[in-house]
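> Provided below are the primary sequence and the corresponding predicted coordinates.
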Amino acid sequence: FLTPRISPGMFSLRVAATFSTLWTSPAIQYQVRPPDLFSAVLPLSTIQSSRSLVTIFGLNFLSSFTPTEYFCQFGQVHIQALLLSDSSLRCLSPTHSAGFVELRILNEFSEYLPQSQQFEFVTTPTIESVRPYSAPLHGGTLLTIFGSNFRPGTIQCHSGISSTFTYGIFMASNRIVCPA
């Protein structure tokens, strides 16, 4: 049975058949829903060993005709999503080996939304050394941090002395610079 093209809402369905007599089923309810769509994902990556909040933006998540439960599927791993509003969901990413996976959203009826997004689990950065080894109390020194698996993007540095973060500069996959 193909549903006719109609507006979203709840509808009654009866089935009738003619055998030796006319048989009619009791009415059952079914719903026609607007499509759930997602348009953006933030962030598009996380460190492989951490669990990060991932926000999915889209349409029709809270319509009275749509499901109330959603799941994020990172590769083969399903995580229940938190429904924030009609236009956003939030999931906690799983830990995963480094690499790209397909991120898909599905509803409580196991229906996949038509869109998908590549999501990257990146190798955990490591710090091996810092130069110079010391800095004056008044600050203003640039520290060069050596390590591996650094990536371009927003690099935040924290010296541990104050509660504020400063922005660092990506130099190479094995070097970043932070103000002290």
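Sure thing, it's come through. Just so we're clear, the structure is a prediction, and the values are computed from it rather than from any experiment.
> May I ask which helix or strand encompasses the residue lying closest to Y112 once chain neighbours are set aside?
Distance criterion C-beta to C-beta, 6 or more residues apart in numbering; nearest residue to Y112, sequence neighbours excluded, is L106 at 4.8 Å. For every residue, glycine as well, the C-beta is placed using N, CA and C. Secondary structure assignment for L106, by DSSP states H and E: strand 99-107.
> For the longest strand seen in the chain, enumerate the helices and strands it packs against.
Longest strand of the chain, by residue count under DSSP state E: strand 112-122. In this structure, strand 112-122 makes packing contacts with strand 37-42, strand 45-47, strand 99-107, judged by 3 or more C-beta pairs under 8 Å, 6 or more residues apart in numbering; DSSP states H and E.
> gap between the shortest one and the chain center?
Here strand 45-47 is found 11 Å from its chain centre; the criterion is C-alpha atoms, centre = their mean, to the nearest Å.
> again, but for the last one
From the chain centre to the centre of strand 99-107 is a distance of 8 Å (C-alpha atoms, centre = their mean).
> Can you tell me the strand partners of that strand and which way each runs?
Paired with strand 99-107 in the same sheet, following DSSP bridges, are strand 70-74 (antiparallel), strand 112-122 (antiparallel).
> What residues sit buried inside it?
101, 103-107 (16 or more other C-beta atoms under 10 Å).
> could you check the angle strand 37-42 makes with it?
140 degrees (axes from the mean of the first three to the mean of the last three C-alpha atoms, to 10 degrees).
> what does strand 99-107 rub up against?
Outside strand 99-107, the residues that touch it by C-beta atoms under 8 Å, 6 or more residues apart in numbering are 36, 38, 41, 54, 56, 58, 66-67, 69-75, 78, 81, 89, 112-113, 115-121.
> So for this protein, the centremost residue is which one?
Centroid-nearest residue in the chain, with C-alpha atoms, centre = their mean: V54, separated by 3.5 Å.
> Report the beta-bridge partner residues of that one.
Under the criterion used (DSSP bridges), V54 bridges to C91.
> Make 29 the starting number, not 1.
Got it, first residue is 29 now, which makes that one V82.
> what's the spacing between it and V158?
Per C-beta to C-beta, to the nearest Å, V82 is found 31 Å from V158.
> Low-confidence ranges, the protein, go.
For the chain, residues meeting the criterion pLDDT under 70 lie at 29-34, 36, 46-53, 58-64, 91-95, 182, 188-190.
> go with 90
The chain contains residues with pLDDT under 90 at 29-67, 77-78, 86-97, 113-115, 135-143, 152-153, 161-170, 178-196, 206-208.
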